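A.B. asks: sequence unknown, structure follows:
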């Protein structure tokens, strides 16, 4: 099977005990069924500790946190299970993190979560356009959804648009959302031949004027604060943003890095429209992520703003789903409102 990965993928290595934001802190560790059976049979004192720690939370077998930490995270911030039994003895969740793995049938795509400090450093450690490499693994390919034949070229066109530095980033982001709007109309109408032609030579329509009851910043602050909060630093950062409404219009201080964030998000999320047809909602999510991280970077480092956004939103499916609903329900998060944010 073909596997697409970001161009820095092979440079990634877990920081382990040196990580400043360990993934074993603050998150309950879910244990897959095969690993749970292994732990139930593990002999000796470690086996006894494993069985004592495992609990069923109503949906999954997990290790509940002990003082905010995984009970197997030792004083050196290393995993006791990994140290004693090897990486293969940890749960699938632990082995895969910080990788987001999406399988689409004939191919799969892997991204590295920007919530991980090392992956974050690799993403923002360059000002060059973010590209993707194609690898191959031994997983047999399967038949994919027919919509992939249209969504993949469209996603690739949008990635190329975001990386085209002949235009200011602000204009590229506007076109990104305008193209997604038009593509959504064609997808809804099942006008696939028109969509193919559109990807080859897209028609950019001007945004329609809209009367908005609130701006995107007010709506974003309100919606983000209403979601589940995992880390106090995220809450504090949102409060600083909310209490400083007079920020300047969108004018990124690090446009190359913000472009890389946009490409990271677009690569990860746009093809997910194959599951429910909601391309525009995911394009709005990408744009909201860029705008939000840019705004929050006025109060902290860009890398920290991105890390917290990724941790709080990308790793919480309920929060993601709530935002996708909000794009259709909240006036200030509509496509028109986000376009207005880029028109000032």
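C.D. replies: Here it is on my side, so go on. Bear in mind the structure is a predicted one, so any value in this text is a computation, not a measurement.
A.B. asks: check contacts around residue 277.
C.D. replies: 147, 187, 188 (Cβ atoms under 8 Å, 6 or more residues apart in numbering). Bear in mind the C-beta positions are built from the backbone N, C-alpha and C, glycine included.
A.B. asks: verify the stated contact: residue 108 with residue 100.
C.D. replies: No: judged on Cβ atoms under 8 Å, residue 108 makes no contact with residue 100 at a distance of 10.6 Å.
A.B. asks: compare these two (neighbour count), which wins?
C.D. replies: residue 108 (18 against 15; other Cβ atoms under 10 Å).
A.B. asks: secondary structure class for the more buried one?
C.D. replies: Under DSSP: H, G, I helix; E, B strand; the rest coil, residue 108 falls in the strand class.
A.B. asks: beta-bridge partners for it, please?
C.D. replies: Taking DSSP bridges as the rule, residue 108 bridges to residue 3, residue 103.
A.B. asks: ranges for the strands of the stretch 101-250 of the chain?
C.D. replies: Using DSSP state E, counting those that start in this stretch, the strands of the stretch 101-250 of the chain run over 107-112, 132-136.
A.B. asks: need the winner for burial among the ones you listed.
C.D. replies: strand 107-112 (a mean of 20; mean count of other Cβ atoms under 10 Å).
A.B. asks: packing partners of that one?
C.D. replies: strand 2-6, strand 99-103, helix 117-124, helix 255-269 (3 or more Cβ pairs under 8 Å, 6 or more residues apart in numbering; DSSP states H and E).
A.B. asks: now do the third one against strand 2-6, angle only.
C.D. replies: Using axes from the mean of the first three to the mean of the last three Cα atoms, to 10 degrees, one finds that helix 117-124 and strand 2-6 are set 80 degrees apart in direction.
A.B. asks: got the contact list for helix 117-124?
C.D. replies: So helix 117-124 is contacted by 6, 8, 11-15, 19-21, 98, 112-114, 130, 257, 260-261, 264, 302-303, 306-307, 310 (Cβ under 8 Å, 6+ apart).
A.B. asks: how far does stretch 337-344 sit from its chain's centre?
C.D. replies: 22 Å (Cα atoms, centre = their mean, to the nearest Å).
A.B. asks: want to throw the strands of the stretch 101-250 of the chain into TSV with distance to residue 320?
C.D. replies: Listed next are these as TSV, based on distance: least, Cβ to Cβ, whole Å:
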stretch	distance to residue 320
strand 107-112	14
strand 132-136	22
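A.B. asks: dump those strands to a markdown table, plus distance to residue 49 and mean pLDDT.
C.D. replies: Shown next, in a markdown table, are the strands of the stretch 101-250 of the chain (distance: least, Cβ to Cβ, whole Å; pLDDT from 0 to 100):
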| stretch | distance to residue 49 | mean pLDDT |
| --- | --- | --- |
| strand 107-112 | 31 | 96 |
| strand 132-136 | 38 | 92 |
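A.B. asks: residue 243 is nearest to which of these?
C.D. replies: strand 107-112 (33.0 Å; Cβ to Cβ).
A.B. asks: give me the contacts around that closest one.
C.D. replies: Taking contacts as Cβ under 8 Å, 6+ apart, the residues outside strand 107-112 that touch it are 1-6, 8-9, 12, 98-102, 119, 122-123, 139, 141, 144, 264, 267-268, 271.
A.B. asks: and the helices in the stretch 1-150 of the chain, which stretches?
C.D. replies: 33-41, 44-53, 80-85, 92-96, 117-124, 148-163 (DSSP state H, counting those that start in this stretch).
A.B. asks: out of those helices, which is closest to residue 67?
C.D. replies: With Cβ to Cβ as the yardstick, what comes closest out of these is helix 44-53 (13.3 Å).
A.B. asks: determine the set of other helices and strands touching that closest one.
C.D. replies: helix 33-41, helix 80-85.
A.B. asks: give me the buried positions along that helix.
C.D. replies: 46, 49, 50, 53 (16 or more other Cβ atoms under 10 Å).
A.B. asks: next one: stretch 244-256
C.D. replies: Quick answer for stretch 244-256 (16+ other Cβ under 10 Å): 250, 252, 255.
A.B. asks: from residue 233, how far off is the second one?
C.D. replies: Noted for residue 252: a distance of 22 Å to residue 233, by Cβ to Cβ, to the nearest Å.
A.B. asks: hang on, the earlier thing: okay, the buried residues of helix 44-53 in a markdown table with pLDDT and distance to residue 334 next?
C.D. replies: Below are the buried residues of helix 44-53 laid out as a markdown table (pLDDT from 0 to 100; distance: Cβ to Cβ, whole Å):
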| residue | pLDDT | distance to residue 334 |
| --- | --- | --- |
| 46 | 92 | 53 |
| 49 | 93 | 51 |
| 50 | 92 | 49 |
| 53 | 90 | 46 |
